[in-house]
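> dropping the sequence and predicted coords here.
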Amino acid sequence: MSDSTDTNNVAADAPDDVAGLKTQLQAAEKERVEYLAQAKRARADFENYQKRVQRDAAQERLYAVYSFAGDILPAIDNLERALDAAKQGGDVGSLAQGVGMVQTMLLDILKRHGVTRIDAQDRPFDPNLHQAVMQVPTAGKPPMTVVQVLENGYQMHERVLRPARVAVSSTTDKPE
C-alpha cells in the first residue's frame, strides 16, 4: 500500500510542480529580458562613448595649435607696426622688406594651420568677430559699420582666436 500512496502523492504533487516550474520559467524569462535590455543599453552607451571620444580627438587635432597661434599674434602685430612706422618714415629699404617677408611667412604658416584674418573693414559690426573700442560719427555709412581696424582679428577654422578691435560708425549729430 505504501507504493500506491507514493504514486498518488507524486501524481498529486505533479500539478504543483508544473505550476511551480511554469512560475520559475516565467521569472527566468522576465529576468532574461531585463538582462538583454541592460546589455543593449550598455552597448549603445559604449558606442556613443566611442563616437564622443573620436569626435573630441578630431576637435583636439583640429585646434592643436590654437594656444600657440594666440601667443604668436602679438609678434605679428609688432611686425605690422614696424612696417607701418617704416612706411611713414619713408624707409622702403631692405630692412623694411625683410620685416615684411618675415610677417608674410608667419601669416602663411598660420594659414596652413587654419588661422586666417578676420576681414572687418567696411563690414557691419558683428560682436562675435569684432570688439568695438570706439564710435566715430561718420556721414555716408550706416550706423555700426566698421570704419577702422585698430588691431586685426584672427580666427582658427570657425573659432575666433582673437576678435578684431575696431572703430564703428555712429550717426552724425545734425544741429537743428
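Good, I have the coordinates. Quick caveat, the model's predicted, so the values are computed rather than measured.
> by mean pLDDT, flag the weakest helix or strand of the protein.
Least confident helix or strand, the chain: helix 2-62 with a mean of 84, by mean pLDDT, DSSP states H and E.
> can you list the domains in the protein?
1-62, 65-113, 117-176 (automatic domain parsing).
> re the thing from before, which helix or strand lies directly C-terminal to the least confident helix or strand of the chain?
helix 66-88 (DSSP states H and E).
> extract the CA atoms of that next one and return them as PDB.
Output in PDB follows, covering the C-alpha atoms of helix 66-88 (Å, rounded to 0.1, in the frame of the first residue of the first chain):
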ATOM      1  CA  TYR A  66      45.200  77.200 -31.000                       C
ATOM      2  CA  SER A  67      47.100  78.300 -28.000                       C
ATOM      3  CA  PHE A  68      50.400  78.700 -29.900                       C
ATOM      4  CA  ALA A  69      48.700  80.700 -32.600                       C
ATOM      5  CA  GLY A  70      47.200  83.100 -30.000                       C
ATOM      6  CA  ASP A  71      50.600  83.500 -28.400                       C
ATOM      7  CA  ILE A  72      52.300  84.400 -31.700                       C
ATOM      8  CA  LEU A  73      49.700  87.100 -32.700                       C
ATOM      9  CA  PRO A  74      51.300  89.900 -30.700                       C
ATOM     10  CA  ALA A  75      54.600  89.300 -32.600                       C
ATOM     11  CA  ILE A  76      52.800  89.600 -35.900                       C
ATOM     12  CA  ASP A  77      51.200  92.800 -34.700                       C
ATOM     13  CA  ASN A  78      54.600  94.200 -33.800                       C
ATOM     14  CA  LEU A  79      55.900  93.300 -37.200                       C
ATOM     15  CA  GLU A  80      52.900  95.100 -38.800                       C
ATOM     16  CA  ARG A  81      53.600  98.200 -36.600                       C
ATOM     17  CA  ALA A  82      57.300  98.200 -37.600                       C
ATOM     18  CA  LEU A  83      56.200  98.100 -41.300                       C
ATOM     19  CA  ASP A  84      53.800 100.900 -40.800                       C
ATOM     20  CA  ALA A  85      56.400 103.000 -39.000                       C
ATOM     21  CA  ALA A  86      58.900 102.300 -41.800                       C
ATOM     22  CA  LYS A  87      56.400 103.400 -44.400                       C
ATOM     23  CA  GLN A  88      55.600 106.600 -42.500                       C
END
